[in-house]
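Peer 1: Structure, please.
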Amino acid sequence: MTTPRKRVVLLGATGSIGENTLRVIAAHPDKLELVAIAARGNWQKLAAIAKEFRVPHVGLFDDAALAAARAAAAFPAGTQFHAGLAGLTDLARLPGADTVLVAVVGTTGLEPALAALAAGKNLALASKEILVLAGKFVMAAARASGAQLLPVDSEHNAVFQCLQGHATADIARITLTASGGAFRDWSPGRLAHVTPADATKHPNWSMGPKITVDSATLANKGLELIEAQQLFGLRADQCHAVIHPQSIVHALVGFTDGSTLAQLCPPSMTFPIQHALLHPARAPGVETPLDFTKLLSLEFRPVDESRFPMMRLAREVMQADGTAPAIYNAANEVAVAAFLDGRLPFLAIPQVVEQTLQRLDSFEPADLAAVLALDAEARRVATSRLSSLSV
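Peer 2: A predicted model of the protein is given here:
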């Protein structure tokens, strides 16, 4: 008996996660069907994807891009267009879809993610800001609908795989690995002269500019620890990180009996994406797997939080909980954007975040409106700090 193909909605189709998702879907046409795609404004790339995968539903967040796409008549005949945030939300609850992969940058994916869960869709989540900003509400939505939340970040997907068949009560600790980013071996003196071009050259992964900068400051790992705490229902003191330059071991889970399980694969996002989309089934991967008959070295180092203050700040906000993680995320986004624009020194990024955390009190939000209002206020405060720390 032939198993029906899983029908996939891909929000964020033109970014690096989207590109790798398309590779996975193309490799398994008998198992996966792409039924909807969306992006912020790159309608030309969306048109090419729609033609290649015969996608009937297309969403564009930017109104001007949607108008241009309609005028160009570049999409297949009969394409149904969906506009703005409402359009992305409609795609997330598209009748007949099985899995919604949310890979849009920032907090734009929050409403579509909640809509997918409310509609009973499996949610493959690649946008870590969603759980950092509103993990309490996202996890509650998943429990209420019975929908499955499948992590796509390589580290969280690794933890997810290691936990299969094990109870949360049996977990002693989880350890996420960090490559250390572009500057893991730079002297403190060199860090004072880092440029955006330097910071967007990752040694192992191919990612967008913002996440690559976050990897260099270890803010990315801080956000992932916050996300893991929410995703797996852990205490802050159970969540740890180590430097692992090879990016082959993606996470380790230590159990109460002293045993540790680890998940290993090459540093390609096709592995966690395929696992999330095909779960619980397995199939041959897109990339060549590890070959343990060849020389392989695995190195682990403790994180020096004096060198990576974003990790210290992440640990503090995990302990504070409430809206502290949302403040951390918002301030970091503002600071990284200013750095990439050449308006803020690299070493000032954690200063902006710490000063914003000091200015705003954390509280337990009653609803999403309170979280979003706090997010906006944190961005305003972080922006106000830029002038005193600018280049």
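Peer 1: which other helices and strands contact the helix ranked longest in the chain?
Peer 2: Assignment by DSSP state H gives helix 368-389 as the longest helix of the chain. Helices and strands touching helix 368-389, by 3 or more C-beta pairs under 8 Å, 6 or more residues apart in numbering; DSSP states H and E, are helix 128-145, helix 324-340, helix 349-359. The C-beta positions use only the backbone N, C-alpha and C, and glycine is treated the same way.
Peer 1: between these, which gets nearest to Ala65?
Peer 2: helix 324-340 (20.6 Å; C-beta to C-beta).
Peer 1: quick one on the thing from earlier: orientation of the longest helix of the chain relative to helix 324-340 in degrees?
Peer 2: Orientation check (axes from the mean of the first three to the mean of the last three C-alpha atoms, to 10 degrees): helix 368-389 against helix 324-340 gives 40 degrees.
Peer 1: What mean pLDDT does helix 368-389 get?
Peer 2: When pLDDT is averaged over helix 368-389, the result is 94.
Peer 1: pLDDT weak spots in the stretch 1-150 of the chain?
Peer 2: By pLDDT under 70, the low-scoring segments of the stretch 1-150 of the chain are 1.
Peer 1: what about the helices in it?
Peer 2: Using DSSP state H, counting those that start in this stretch, the helices found in the stretch 1-150 of the chain span residues 16-27, 43-53, 63-72, 84-92, 110-118, 128-145.
Peer 1: Please give me every residue in contact with Val317.
Peer 2: Ile226, Ala324, Pro325, Ile327, Tyr328, Leu357, Ser362 (C-beta atoms under 8 Å, 6 or more residues apart in numbering).
Peer 1: Can you give me the distance of it to Phe232?
Peer 2: 17 Å (C-beta to C-beta, to the nearest Å).
Peer 1: Quickly compare the helices and strands packed on helix 368-389 and say which is most buried.
Peer 2: Of all the helices and strands packed on helix 368-389, helix 324-340 carries the top mean neighbour count, a mean of 25, counting by mean count of other C-beta atoms under 10 Å.
Peer 1: so how far is that one off the chain centroid?
Peer 2: From the chain centre to the centre of helix 324-340 is a distance of 15 Å (C-alpha atoms, centre = their mean, to the nearest Å).
Peer 1: cool, and stretch 278-288?
Peer 2: 20 Å.
Peer 1: In PDB, list the C-alpha atoms belonging to it.
Peer 2: Output of stretch 278-288 as PDB, limited to C-alpha atoms (Å, rounded to 0.1, in the frame of the first residue of the first chain):
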ATOM      1  CA  LEU A 278       9.500  12.900   7.300                       C
ATOM      2  CA  HIS A 279       9.200  12.200  11.000                       C
ATOM      3  CA  PRO A 280       8.800   9.400  12.200                       C
ATOM      4  CA  ALA A 281      10.000   7.800   8.900                       C
ATOM      5  CA  ARG A 282      13.600   7.800   7.700                       C
ATOM      6  CA  ALA A 283      15.000   7.900   4.200                       C
ATOM      7  CA  PRO A 284      18.300   8.400   2.400                       C
ATOM      8  CA  GLY A 285      19.600  11.900   3.000                       C
ATOM      9  CA  VAL A 286      20.500  14.600   0.500                       C
ATOM     10  CA  GLU A 287      24.100  14.900   1.700                       C
ATOM     11  CA  THR A 288      26.800  12.300   2.100                       C
END
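Peer 1: Got the phi and psi for Pro151?
Peer 2: In terms of degrees, to the nearest 10, the main-chain angles of Pro151 are phi -70, psi 140.
Peer 1: Let me know whether it touches Cys162 as I believe.
Peer 2: No. Judged on C-beta atoms under 8 Å, Pro151 makes no contact with Cys162 at a distance of 11.8 Å.
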